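[1] below is the sequence, then the predicted model.
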Amino acid sequence: MNVNYMYSLLAVVVLFLLSYLGVKAVGLEILFGILFPYLALITFIGGVIYRVMDWAKSYVPFCIPTTCGQQQSLPWITPNKIDNPFTPGATVVRMFLEVVFFRSLFRNTRNAIREGKLTHEWEIWLWLAALAFHYSFLTVIIRHIRLFTEPVPFVVQLIETVDSFFRFEVLTDVVQFGLPAVFMSGLVLLAAVTFLFVRRILAPHVRYISLAADYFPLILIFGIAFSGIFMRYVSKVNIKAAKELTMGLVTLHPTIPEGIAPIFYVHLFFVSVLLAYFPFSKLMHMAGIFLSPTRNLPANTRAKRHINPWNYPVEVHTYEEYEDEFREKMIEAGLPVEKE
Amino acid sequence: MNDRKYILTGLVIFFAIVTFPFWYNLGKAAPGPDIKLTEKAKAAKTCVMPTSYMRAEHMQLLDLWRHNVVRNAERVFVNTEGKEFNMSLSNTCLDCHSNKADFCDKCHNYSSVRPYCWDCHIENPKEAK
Amino acid sequence: MSDLPKPNEFIDRIDRSIPRTGWMDTPIDIRKGMYCYAANPKSVEYVHLPNAHAWNPVEDDWHLPENWKEIIHEGFKTRLERFRSFKVFMDICVRCGACADKCHFFIGTGDPKNMPVLRAELLRSVYRNDYTTAGKILGKIAGARPLTMDVLKEWWYYFFQCTECRRCSVFCPYGIDTAEITIMGRELLNLLGLNIDWVATPVANCYRTGNHLGIQPHAYRDMLDFFVDDIEEITSVRCEPNYNQKGADILFITPSGDVFADPGTYTCMGYLMLFKFLKEKYGLSITWSTYASEGGNFGFFTSHETMKRLNSKMYAEAKRLGVKWILGGECGHMWRVINQYMDTMNGPADFLEVPVNPITGTRFENAKSTKMVHIMEFTADLIKHGKLDLDISRNDNLKITFHDSCNPARGMGLLDEPRYVIQNVARHFYDMPANTIREQTFCCGSGAGLNAGENMELRLAGGLPRSMAVKHVHDKYDVNTLATICAIDRAALPTLMDYYLPDVRVTGVTELVANALIMPGEGERTTNLRGEPLPGMEEEEE
């Protein structure tokens, strides 16, 4: 029985209750609104730097790019400059496409054996969901800069405008929705994170490989997105007070303004947990992709020698030893030898 | 090792991005704007709906007003206390809150909200220039 | 092979359903037909690798040293420090599952532990337990588990069900390379003397005699002499090679498998003819070496150190003989080692010259540091400049497809050169479907030392995706020839073809070249190198 997602769900429910009751019943606004966010940010920054430096300490003894296209060899053969990068510049392009467009994942196929034949089909959904997830999350984060800056930078305002380009305004006797303006990114994030979660649960092989550590961030991010959307469109948290709190944090004059609903502290606590959890989890793939030796090295190893810093001498079987063993046989067979 | 410098550069960029709000706001104390009420608004004591409702839902209410006026040609709003109001941004809301810059814009700017009210309601006829 | 079912039953039997129990709780069953025999302790001893001992995979007790856990723990730690690839790949997998069905062994067996992600999780689970805080505190919830004898056996079973082909790495969004994982896993197992014999004994042989098969120098010459006689019979030209010749222009190194077994032998004959041609026509002198008589490197399947020890002979011999540069024959993992490891391990090769083809004047800029050129690059260059006299009608009876070998494809990118050569020495060439060639090529299923006889079921399972792709072009275009540039392929694919597609034969590309090559002073050729009538000569044969 796979209980991994139950553990994760339970963990997020506990985190919710902690923060909700902590603020509502015990009045721990200072803890959830000031201390935890600061601690989380310090853990996040310090943790990420520590982890990356820890990786950096390990050596890269060999240049082992995975070549995904024609090499550069004879001048009249067209090389695949991006997937088999010969120069550092081309490697940067390859990395850029990898980081920005998830190029490798884009190749994804799915195969099955049908009627005794192996069939392949292009499988774009994981790539699409991953791209939707990461870009909507990025947009959401950039949008949130409005709560951490005064005046709000023009770029952030521009992104808000683009993000709310489609006006989903519903006005009926029963439902009224769409004001404040609906941001696409939040909904896309919620949809993508749901897809990724459901995929993990429903696809048997993905469920089989999934750990609690795979479900937890998804559920937590779902919680973050959901509480955020809820505050914006449903419960209408006091945005001015909320910004006073967040501005207090980044101007190092922390304050707890009156009139912020507990749901805001839940949202903030979820984000704090995500930040603090980040460096110790698989979420470090954000930094790790940059250090992946199969992608970030040029495939020019025969043209340019890669240095292994710990390349120690090894015991070898020399020609002299070889000839000593086989000299007579070699002479007999008419093979040239060093010593007659 | 020779890739140290790239890794450190990457980390510096990471650090700069993550701490962007801290140095962007450096030396600024940014208290939230105070909402200023005109004498007329103060005198009225309550808005068309209770203040807490207005703070959270004013955009929805205005949306509803617009809908009722434009689509249904209804111009009278009856609030929960049975009081009647003319459903008009310019003539009702801005009648009391004639200080748009202080009452509306400050808060909208602070929270980076750009309502499209003012796309049509270009000029406030009641506001003293 | 007699106890194996018919191919269609074999295929129908593949069951991709997952076990009811989680993978950590599903015990392994070391099954006959799926594993290779344990290393002969004498072979392990010969190259001074640790803990040489007799053991049997199916017995409970593997006779490990008392402190085996400590040895693994320390070995793990050392490797995390030495290899960033290892450390990063332990940390960043998100288990997205993109790699899952990319592995030929998974496709052929349906065993979930053959999904690359789970293969890596076998190591990661222990890594989390021993080296991460979360794993230490949360244990199984964090995906951690302590190293036990069962875990170790699982490592052994599944790291010898991986051919280090890197196909999964092409699809991984972080480039996580299961070959790296398997290499590390096997290094750790080797610390306890837990190699397979099909790797360990070739390693010992290669160390001693210079080649995996243990062919001693005089016998090596004898074997090539046979080919010289055969060639003379077919072409009436004697293609006597040079051995260990000082001052030759080029040192040629190829896998010893081609000296030993069909159909590689025909490729070997092809080399002899090509070099004779170049010597007669252009005066190019190429020497073979009995000391460095192995292109392949089974050390690569043992440990980085063993790889380096075996590989050292190439540069040492080139230096001793005073050649200008080295030419490498058709081989798969040999070329990964040469392309990505050799210069780093045993270079710099400053005693050699930047490879220049003296016949065409082409400077192989892409090999200017390692100074070793692939025979396909070399031949393609010769053909492009019109330096070979070819009668391509001699290959008219062949409908050819090309199997990209994993390592030249994904550890080098040698994709178009062999295709260019084939298309210039034969008329009928058909590529297999795009998902199964070039960087997405499917392994033969027998690489990385798994080409033994006792694990035939595993090999047939691993070779299934490749065979199905060949079947596709066989059914569509009547393809009857599977060309390849790898000695393991030439040893492994015939077995696969016998099983799945008996009327497809396997050939090296240089064999095709030699069939078309018009030798100076040759007599009328009625047969190809295999002694079969050439197209149009069938009548005269009778």
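    Sure thing, it's come through. Bear in mind the structure is a predicted one, so any value in this text is a computation, not a measurement.
[2] got any ranges where chain B has weak pLDDT?
    Scanning chain B for pLDDT under 70 picks out B:1, B:30, B:122-129.
[3] can you give me the helices in it?
    B:4-18, B:20-24, B:39-44, B:51-70, B:94-96, B:100, B:106-110, B:117-120 (DSSP state H).
[4] I'd like these as JSON lines, with distance to chain A and mean neighbour count appended.
    No exception for glycine: its C-beta is placed from N, CA and C like everyone else's. Shown next, in JSON lines, are the helices of chain B (distance: least, C-beta to the nearest C-beta, whole Å; neighbours: other C-beta atoms under 10 Å in any protein chain shown):
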{"stretch": "helix B:4-18", "distance to chain A": "5", "mean neighbour count": "13"}
{"stretch": "helix B:20-24", "distance to chain A": "4", "mean neighbour count": "15"}
{"stretch": "helix B:39-44", "distance to chain A": "18", "mean neighbour count": "12"}
{"stretch": "helix B:51-70", "distance to chain A": "4", "mean neighbour count": "16"}
{"stretch": "helix B:94-96", "distance to chain A": "19", "mean neighbour count": "18"}
{"stretch": "helix B:100", "distance to chain A": "17", "mean neighbour count": "18"}
{"stretch": "helix B:106-110", "distance to chain A": "6", "mean neighbour count": "18"}
{"stretch": "helix B:117-120", "distance to chain A": "11", "mean neighbour count": "12"}
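[5] in the stretch 201-340 of chain A, which spans are helices?
    A:204-209, A:212-229, A:239-250, A:262-277, A:285-288, A:319-332 (DSSP state H, counting those that start in this stretch).
[6] which among these is found nearest to residue C:60?
    Closest to residue C:60 of those, according to C-beta to C-beta: helix A:204-209, at 27.7 Å.
[7] got the buried residues for that closest one?
    A:205, A:206, A:207, A:208, A:209 (16 or more other C-beta atoms under 10 Å in any protein chain shown).
[8] who are the packing partners of it?
    helix A:184-202, helix C:116-131 (3 or more C-beta pairs under 8 Å, 6 or more residues apart in numbering or on different chains; DSSP states H and E).
[9] out of the ones you listed, which one sits most buried?
    By mean neighbour count, with neighbours taken as mean count of other C-beta atoms under 10 Å in any protein chain shown, helix C:116-131 ranks first of the helices and strands packed on helix A:204-209 at a mean of 23.
[10] stretch C:153-163 - what's its average pLDDT?
    Averaging pLDDT along stretch C:153-163 yields 97.
[11] residues in contact with that stretch?
    With C-beta atoms under 8 Å, 6 or more residues apart in numbering or on different chains as the test, stretch C:153-163 has contacts from C:28, C:30, C:34-36, C:57, C:62, C:103-105, C:109, C:113-114, C:119, C:122-123, C:178-179, C:182, C:185-186, C:188-189, C:194, C:196, C:406, C:443-450, C:458, C:462.
[12] cool, and stretch C:18-28?
    So stretch C:18-28 is in contact with A:2, A:204-205, A:207-209, C:112-113, C:118, C:121, C:125, C:140, C:145, C:150, C:153-154, C:157, going by C-beta under 8 Å, 6+ apart.
[13] one more time with 6 Å
    Stretch C:18-28 is touched from outside by A:204, A:208, C:112, C:118, C:145, C:154, C:157, with contacts defined as C-beta atoms under 6 Å, 6 or more residues apart in numbering or on different chains.
[14] what sits closest to the spatially most central residue of chain B if chain neighbours are left out?
    The C-alpha lying nearest the average C-alpha coordinate of chain B belongs to residue B:108 (C-alpha atoms, centre = their mean; 3.3 Å). Once flanking residues are discounted, residue B:108 sits nearest to residue B:115: 6.4 Å by C-beta to C-beta, 6 or more residues apart in numbering or on different chains.
[15] just residue A:204 next, same as before
    residue C:18 (5.1 Å).
[16] for the worst-scoring helix or strand of chain A on mean pLDDT, which strands pair with it and how are they oriented?
    None of the helices or strands of chain A scores lower by mean pLDDT, DSSP states H and E than strand A:176-177, at a mean of 81. Looking at strand A:176-177 with DSSP bridges, its partner strands are strand A:170-171 (antiparallel).
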